[in-house]
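Chemist: this is the structure alone, sequence omitted:
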């Protein structure tokens with residue numbers, strides 16, 4: 001009897017012990033099943049790519065953590081923790097590059113798997129076809145064994161014919177050196193209407209030259225000179241990219257500009273220094289920073305320091321939040337705008353020549369249009385090609401530029417154009433809160449649609465007409481709705497851009513100026529055409545034509561103590577000519 005009880009008690013103790021050991025083993029195993037993934041994303045030249053979207057998708061069906069998203073930092077590095085062991089597919093996308101897939105990446109428990117991904121540009125295949133094949137003799141692979149860590153890597157361990165192993169360096173292919181490129185434009189019309197140098201447009205020739213210097217660094221030189229005998233003008237811009245790629249490191253720009261405003265009057269001289277860059281903060285945040293110093297002189301001198309910063313936080317694969325602080329009047333500089341990847345660095349360098357804030361006069365002294373812009377924006381990805389943005393912002397302008405036409409106006413407050421009756425005027429201060437909803441969809445590789453609604457304050461005239469113009473203009477809320485499209489016509493190769501922005505009431509200043517710069521939607525009707533020409537000389541020739549406010553809308557006649565004027569919220573301008581790229 002006692003022996004039976006002892007046997008039963010021993011069996012119970014054995015079962016409890018085995019259960020505890022099994023539970024401890026299961027708990028220990030559950031704590032150690034996760035693996036890690038780390039990688040670096042670079043281009044064909046070996047330059048780390050900041051802000052690349054990395055999507056890690058499990059190849060196992062039904063896994064709860066099937067997809068995770070990351071952003072690369074300034075070194076092009078991304079990291080993923082707590083990945084279940086198994087096989088994964090890594091998908092990398094970045095504007096200006098072809099999407100890249102790495103399949104069957106194996107994650108092991110308690111180990112970190114390292115992947116190295118090289119992005120190819122959209123023109124890499126064409127460049128490979130253009131090169132002449134090298135008459136190199138291929139080695140026989142019968143007695144050659146090569147160990148590789150990725151398809152884009154050079155051999156790590158190689159067995160030669162003498163049976164002696166040789167270890168080569170672990171590095172990326174540097175690719176062929178970048179050839180110097182050049183862009184030449186012969187046009188008539190202002191690239192940026194009412195720029196700081198003058199109001200009127202004049203025939204001019206502009207060029208941009210891109211040269212690689214010392215490794216990956218690039219130096220872009222741009223210049224412009226007008227042909228007007230009575231009031232000639234010109235400028236030069238120098239842009240240095242230490243990493244060779246915009247967005248993957250800092251950039252420095254220096255712009256010098258000089259122009260005669262009148263045949264016998266003062267000469268405008270301006271200097272602009274721009275410094276910008278980006279920093280990765282963790283795996284999901286990118287800080288883009290920058291600032292510019294502007295100094296202009298025309299008899300008297302005016303200067304301005306204009307900082308900017310944008311913190312982008314990626315909540316998940318679909319949602320992105322941005323905190324923006326910028327100096328008015330413009331949004332992103334030409335080197336940081338969204339279209340720089342499409343238009344190219346050469347076009348951005350040419351736009352730098354006229355990226356001065358508007359020059360105004362007040363009480364006989366020059367002032368620069370300036371102010372502050374603060375914004376909070378949330379963006380959601382719609383499918384693979386669409387984006388929806390919702391933003392709330394505050395504008396605090398101290399010197400608002402107002403343009404118009406009139407004669408016999410006081411020279412102490414009106415910056416008169418020598419060639420026409422146009423003028424630039426300091427409308428005073430203006431502050432308002434606003435909101436914006438924007439949608440952008442890339443329907444195909446050649447068609448892109450944009451729609452923007454905004455509500456913000458703008459200077460509008462009051463009914464009293466016996467005071468000075470600055471005292472008549474007051475800030476009032478205005479609705480605006482804009483839509484535009486960009487397309488490339490097949491076979492003909494014509495690139496067409498068209499947009500229209502409607503404003504709910506009279507306004508003599510811009511409604512949501514930052515949003516206009518961000519989405520390239522100017523007031524009223526805008527049409528731009530680029531037509532490739534048949535090849536008849538060296539380079540690729542194009543005919544260009546751009547027209548702003550084609551229907552001459554928004555012109556507002558007014559009477560004030562200064563005289564009769566016609567205020568123009570958006571100047572009707574035309575710019576056309578020829579462009580050639582080498």
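Modeler: Ah, there it is. The shown structure was predicted, so the numbers you read here are calculated from the model rather than taken from an experiment.
Chemist: correct me, but residue 403 touches residue 566?
Modeler: No. Counting by Cβ atoms under 8 Å, residue 566 is not a contact partner of residue 403; they are 10.0 Å apart. Yep, even glycine has a C-beta here, placed from its N, CA and C like the rest.
Chemist: count of neighbours near residue 504?
Modeler: 14 (other Cβ atoms under 10 Å).
Chemist: now it. Its backbone dihedrals?
Modeler: phi -70, psi -20 (degrees, to the nearest 10).
Chemist: hmm, back to that, give me the more crowded residue out of residue 403 and residue 566.
Modeler: A count of neighbours by other Cβ under 10 Å puts residue 403 above the other of residue 403 and residue 566, at 23 against 14.
Chemist: excluding chain neighbours, give the residue nearest to the more buried one in space.
Modeler: residue 568 (5.1 Å; Cβ to Cβ, 6 or more residues apart in numbering).
Chemist: surely the one you found and residue 404 touch.
Modeler: Yes. Assessed by Cβ under 8 Å, residue 568 is found in contact with residue 404 at 5.3 Å.
Chemist: and for those two, which residues touch both?
Modeler: Here residue 568 and residue 404 share the contacting residues residue 508, scored by Cβ atoms under 8 Å, 6 or more residues apart in numbering.
Chemist: pLDDT wise, what is the residue nearest to residue 403 at?
Modeler: Predicted confidence (pLDDT) for residue 568: 86.
Chemist: contacts only, for residue 562.
Modeler: 409-410, 413-414, 468-469.
Chemist: sorry, wrong one. I was asking about residue 568.
Modeler: 403-405, 508, 554-556.
Chemist: what do you get for residue 186?
Modeler: 203-205, 577-579.
Chemist: any of the residues you listed buried? List them.
Modeler: 204, 577, 579 (16 or more other Cβ atoms under 10 Å).
Chemist: nearest to residue 254 among the residues you listed?
Modeler: residue 204 (20.2 Å; Cβ to Cβ).
Chemist: so that closest one is in which element?
Modeler: Per DSSP states H and E: residue 204 is located in strand 203-212.
Chemist: what comes up buried for the next helix or strand after that strand?
Modeler: Scanning forward in sequence from strand 203-212 by DSSP H and E, the next helix or strand is strand 218-226. If you call a residue buried by 16+ other Cβ under 10 Å, then strand 218-226 has these buried ones: 218, 220, 222-224, 226.
Chemist: save the residues you listed as CSV, and put in pLDDT and distance to residue 503 too.
Modeler: As requested, the buried residues of strand 218-226 are exported to CSV (pLDDT from 0 to 100; distance: Cβ to Cβ, whole Å):
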residue, pLDDT, distance to residue 503
218, 87, 41
220, 92, 37
222, 94, 34
223, 93, 37
224, 89, 32
226, 82, 33
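Chemist: for the residue nearest to residue 204 when sequence neighbours are not counted, what are its contacts?
Modeler: In this structure, residue 204 finds its nearest non-sequential neighbour in residue 226, 4.2 Å apart by Cβ to Cβ, 6+ apart. Residues near residue 226 by Cβ under 8 Å, 6+ apart: 202-204, 232-234, 259.
Chemist: and those, which of them are buried?
Modeler: 202, 204, 233-234, 259.
Chemist: rewinding a little: now, the contacts of residue 568 that are in strands?
Modeler: 403-405, 556 (DSSP state E).
Chemist: and those, which is closest to residue 445?
Modeler: Using Cβ to Cβ, the ones in strands among the contacts of residue 568 come closest to residue 445 at residue 403, 37.9 Å.
Chemist: if we can go back for a sec, quick one: which of the contacts of residue 186 is nearest to residue 113?
Modeler: Distance to residue 113 across the contacts of residue 186 (Cβ to Cβ) is lowest for residue 579, with 47.9 Å.
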